[in-house]
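Colleague: Provided below are the primary sequence and the corresponding predicted coordinates.
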2 protein chains.
Amino acid sequence: MTSLHARIVGEIEADILSGALAAGARLPVEQELMLRYDCSRMTVSKALGELARRGLIDRRKRAGTFVQRPRVHSVVLDIPDLAQEVAARGQAYAYRLVERRIRPPRDAAERALAGAGALLQIDGVHLADGLPLAAEQRLVSLASVPEAADETFDHVAPGGWLLHHVPWTEAETRIAAAGAEGAVAAQLRVAAGTACLVIERTTWRGDAGVTFVRQHFLGAHYDLVARFGPGAR
Amino acid sequence: MTSLHARIVGEIEADILSGALAAGARLPVEQELMLRYDCSRMTVSKALGELARRGLIDRRKRAGTFVQRPRVHSVVLDIPDLAQEVAARGQAYAYRLVERRIRPPRDAAERALAGAGALLQIDGVHLADGLPLAAEQRLVSLASVPEAADETFDHVAPGGWLLHHVPWTEAETRIAAAGAEGAVAAQLRVAAGTACLVIERTTWRGDAGVTFVRQHFLGAHYDLVARFGPGAR
DNA sequence: TCGATGATAATGTATAGACATTATTGCGAC
DNA sequence: GTCGCAATAATGTCTATACATTATCATCGA
């Protein structure tokens, strides 16, 4: 016996996550939701208030209620749009493609990501002021993001591109440290064994895998900062 | 002109964070808050509902409303209680003290942490199944946590101890990678330059600094995993 | 003594209505 | 046209009330 406002939250959330309500779309006004769920305005408002506090929607007086664009998740780690971060540091950002190809999944983990389709593999290097900052190896599920096949990713980083082409995602991030080896060391132009911050992230949209990325950051040039607290949102 | 329920949220939150309402303490019942704020029950309930959603309080029917114990913050990175984590992996956990001393702050950052008082410096090593997992250098502000001066930290790790002795905290975490050098390499029993995950965390209680800790994790033996998503709590 | 049972005190959900606030929109004056 | 202002449509807050739910507590009976 779940409560009515919880049901409203759930249904709207599902519509947003599935893409049925696209980012920027306008939700029905409260009056209409009152009719749809046959309930009072307080109940609708409670549900919308919760979604707003969670950051899924934006309520604006007189204008209405809108689906939020996917924020950079959770303030914390997720999906640093490197272009923006580097720019914020006052450095010149560039992305250099190393390799791009379409291939079938090679192991169980990749099959789970790919679903029924093939994978787009994109290797590249992020540069700050011309110097290597991070080496990136990425797999994109073409079943989930077929448009990616039409994009060359010559100079546009796939991370930022995906941010703008896939609406809501859920992500699991793994952070570790490792020495740079082989191709990665070469791309970063450092000696083998140099300490790197390794970030691996798998991203889903609902149950479908979207992308997996492994980034080697030069430890000396990059770090992550996250702030927590009961007050923090 | 902040709204009334926002004010209620703020005041109760402040009482919790300051320790005026200790963990486990019972809050006034809604009727009493209605009187205190001269408002309706819905307004009180909205405020308490928000605090409950944020995890600061726990509302139980018939029993009342209670201050939650500080959860491991924010699901994500924070404050891995290594003892628990290692145990969860089925390994034997141990902590070995390397050095413990009380000293004045040495630079501006340390002065900011220490406030008016001195610092307790605790260096130690976390072991899993007898092997070094992480080297830890910690500073505790005795102004904020005077009880720490009476604790030897011989075999009890200061992280877990602090978790149980300081109620609510806010933390900033920095994550980077670096090669182990000097004393750290020796404590971890690895060659200099071995890649480590470096976690630095400063913790406050309100405006007062509580502790700063720098941990070097052996990259090969440790990683952080965090999962995000709109649904995730 | 101990266990079942029912009363009760607390939160949980919902309603209907009132008034406040605010950004948009459209209209009128210039 | 465009600038400003007023009407208005949407959300924001709050009240007073009702009934539901549930864990606790006290009482009663075996």
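Modeller: Cool, got the structure.
Colleague: for chain A, what spans make up the strands?
Modeller: Assigned strands in chain A, in chain order: A:57-60, A:64-67, A:93-103, A:119-128, A:131-141, A:170-179, A:195-205, A:208-218, A:224-228 (criterion: DSSP state E).
Colleague: by contact count, what packs against the lengthiest helix in chain A?
Modeller: Ranked by residue count, the top helix of chain A under DSSP state H comes out as helix A:4-18. Applying 3 or more C-beta pairs under 8 Å, 6 or more residues apart in numbering or on different chains; DSSP states H and E, we find helix A:4-18 packed against helix A:30-37, helix A:41-53. C-beta here means a position set from N, CA and C on the backbone, and glycine is covered the same way.
Colleague: what residues does chain A have near DNA strand C?
Modeller: Within chain A, the positions lying close to DNA strand C (C-beta under 7 Å from any atom of the strand) are A:3-6, A:38-43, A:46, A:60-63.
Colleague: out of those, which end up buried?
Modeller: The neighbour count (16 or more other C-beta atoms under 10 Å in any protein chain shown) marks A:5, A:39, A:43, A:46 as buried among the residues of chain A next to DNA strand C.
Colleague: what pLDDT does the second one get?
Modeller: Per-residue confidence for A:C39 comes out at a pLDDT of 96.
Colleague: pretty sure it is touching A:L4, no?
Modeller: Yes. Using C-beta atoms under 8 Å, A:C39 is in contact with A:L4, at 5.8 Å.
Colleague: which helix or strand in chain A has the lowest average pLDDT?
Modeller: strand A:224-228 (a mean of 66; mean pLDDT, DSSP states H and E).
Colleague: by proximity to DNA strand C, which residue of chain A wins?
Modeller: Going by C-beta to the nearest atom of the strand, DNA strand C is nearest to A:L4 of chain A, at 2.7 Å.
Colleague: right, and that residue touches A:D38 too?
Modeller: No. Taking C-beta under 8 Å as the definition, A:L4 is not a contact partner of A:D38, at 9.2 Å.
Colleague: count the residues that sit near the closest residue to A:L97 other than its chain neighbours.
Modeller: Excluding the flanking residues, the one nearest A:L97 by C-beta to C-beta, 6 or more residues apart in numbering or on different chains is A:G124, at 4.9 Å. Other residues near A:G124 come to 24 when the count uses other C-beta atoms under 10 Å in any protein chain shown.
Colleague: what pLDDT does A:A186 get?
Modeller: On the pLDDT scale, A:A186 is placed at 96.
Colleague: cool, and A:A6?
Modeller: pLDDT, A:A6: 95.
Colleague: what about it, distance to A:E50?
Modeller: A:A6 is 9 Å from A:E50, where distance means C-beta to C-beta, to the nearest Å.
Colleague: and if you look at A:G219?
Modeller: Taken as C-beta to C-beta, the span from A:G219 to A:E50 is 40 Å.
Colleague: more neighbours: which of those two?
Modeller: A:G219 (26 against 20).
Colleague: which residues touch the more buried one?
Modeller: For A:G219, the contact set (C-beta atoms under 8 Å, 6 or more residues apart in numbering or on different chains) comprises A:177, A:194-197, B:176-179, B:195, B:198.
Colleague: sorry, back to before: surely the residue nearest to A:L97 meets A:L82?
Modeller: No. If you go by C-beta under 8 Å, A:G124 and A:L82 don't touch, sitting 10.7 Å apart.
Colleague: what residues do these two have in common as contacts?
Modeller: A:A157.
Colleague: please parse chain A into its domains.
Modeller: A:4-67, A:82-221 (automatic domain parsing).
Colleague: tell me which of those is the most buried.
Modeller: A comparison of the domains of chain A by mean neighbour count, using mean count of other C-beta atoms under 10 Å in any protein chain shown, puts domain A:82-221 on top with a mean of 18.
Colleague: for chain A, give me the ranges with low pLDDT.
Modeller: A:70-81, A:85, A:225-233 (pLDDT under 70).
Colleague: state the distance from A:G160 to A:W168.
Modeller: Separation of A:G160 from A:W168 (C-beta to C-beta): 17 Å.
Colleague: which bits of chain A sit near DNA strand D?
Modeller: Near DNA strand D, when you scan chain A using C-beta under 7 Å from any atom of the strand, you find A:1, A:27, A:29-31, A:41-42, A:45, A:48-49, A:52, A:59-65.
Colleague: ok, now with 6 Å
Modeller: Within chain A, the positions near DNA strand D by C-beta under 6 Å from any atom of the strand are A:1, A:29-30, A:42, A:45, A:59, A:61-62, A:64-65.
Colleague: just give the nearest non-adjacent residue to A:L133, would you?
Modeller: Nearest non-adjacent residue to A:L133, counting by C-beta to C-beta, 6+ apart: A:H126, 4.9 Å away.
Colleague: about what we covered before: may I ask which two of the residues of chain A next to DNA strand D are separated the most?
Modeller: Greatest spatial distance in the residues of chain A next to DNA strand D: A:M1 and A:R62, 36.4 Å, computed using C-beta to C-beta.
Colleague: now do the same contact list for A:V67.
Modeller: Counting by C-beta under 8 Å, 6+ apart, A:V67 has contacts A:16, A:21-25, A:27, A:56-58.
Colleague: equivalent analysis for A:V213, please.
Modeller: Contacts of A:V213 by C-beta under 8 Å, 6+ apart are A:136-139, A:158-159, A:199-201, A:203.
Colleague: what is it paired to in the beta sheet?
Modeller: Beta-bridge pairing of A:V213 under DSSP bridges involves A:R138, A:R201.
Colleague: that one and B:E50: what is the separation?
Modeller: 35 Å.
Colleague: chain center to stretch A:101-114, what's the gap?
Modeller: Distance, stretch centre to chain centre, for stretch A:101-114: 19 Å (C-alpha atoms, centre = their mean, to the nearest Å).
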